[in-house]
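# What shape does this take:
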Amino acid sequence: MAEPKKRLTSHRSGNRRSHLALKTVTLSNCPKCKMKIKPHFVCANCGYYNGTDVLTLEKKEREKAERKKAKETNE
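Residues are numbered from 1 along each chain as shown. I've put the predicted structure just below:
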């Protein structure tokens, strides 16, 4: 296998690893319940995202699919 001709300096190694440092998580406030959330994520507390109540919409869609499935099995 190839061996390095010269030892890498700590400065060069540090430069290579500079992007590996942990970054702080940016948080914003939910416009509905004012809880801290990540940007572009659904609020875990109230289910609100981008002006709509996403979790209740998913629940309604799931119930609609269950009713449709039950209707098909009854026929």
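# Pull out the buried residues from the host helix or strand of R12.
Taking DSSP states H and E as the definition, one finds R12 inside helix 10-16. The neighbour-count check on helix 10-16 (16 or more other C-beta atoms under 10 Å) flags nothing as buried. The way it works is simple: take the backbone N, C-alpha and C, and place the C-beta from them, glycine included.
# Next secondary structure after it?
strand 28-29.
# contacts for that following strand?
By C-beta atoms under 8 Å, 6 or more residues apart in numbering, the residues outside strand 28-29 that reach it are M35, K36, I37, K38, P39.
# Tell me the confidence at the residue nearest the centre of the chain?
Nearest to the centroid of the C-alpha atoms of the chain, with distances taken as C-alpha atoms, centre = their mean, sits F41, at 5.8 Å. On the pLDDT scale, F41 is placed at 91.
# Please apply the same query to K38.
With respect to pLDDT, K38 scores 93.
# okay, now it: neighbour count?
12 (other C-beta atoms under 10 Å).
# Also Y48?
Residue neighbour count, defined by other C-beta under 10 Å, stands at 19 for Y48.
# Now do the same contact list for the spatially closest residue to it that is not a sequence neighbour.
Here the nearest residue to Y48 in space, its sequence neighbours aside, is K32; by C-beta to C-beta, 6 or more residues apart in numbering that works out to 4.2 Å. Counting by C-beta under 8 Å, 6+ apart, K32 touches C43, C46, Y48.
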